[in-house]
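no FASTA, just this:
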């Protein structure tokens, strides 16, 4: 029997709690985003908890820049925490160029350092972000 639990990839809107609000016909999944004051409670300890719950996969296609990533779809039930962590990276992180040693950097990402790791996303709007990257701080600065 198929699960009746909606998935983030479905054309459905989700509240911060992950509960189904209503079906929305669209081409893109829609995720309701809480007001700014509701997100302010997501702390570094909350981020640590989220980081420990998800799988991190080595980015084997870029071994010259060793890093790992996690994908929202792998733990859809943690979507509220995923988006809160993305918002924390963006609000508490520092913008730096990448590649760092390049005279003409290709990107300027916001990086959040936490417990010897550096976390970043690719810069999509928070509600459209589907991936979080991380690298050990020593490796990231080489």
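Structure received. This is a predicted model, so every value here is computed, not measured.

buried by neighbour count: which residues of the lengthiest helix in the chain qualify?
Determined from DSSP state H, the single longest helix within the chain is helix 79-92. In terms of neighbour count (16 or more other CB atoms under 10 Å), helix 79-92 has its buried residues at 79-90. C-beta: built from backbone N, CA, C; applies to glycine.

now those residues as CSV including distance to residue 96 and pLDDT?
Listed next are the buried residues of helix 79-92 as CSV, based on distance: CB to CB, whole Å; pLDDT from 0 to 100:
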residue, distance to residue 96, pLDDT
79, 27, 95
80, 28, 95
81, 25, 96
82, 22, 96
83, 23, 96
84, 22, 96
85, 19, 95
86, 17, 96
87, 19, 94
88, 17, 95
89, 12, 95
90, 13, 93
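
of the residues you listed, closest to residue 136?
Proximity of the buried residues of helix 79-92 to residue 136 (CB to CB) peaks at residue 89, which lies at 16.3 Å.
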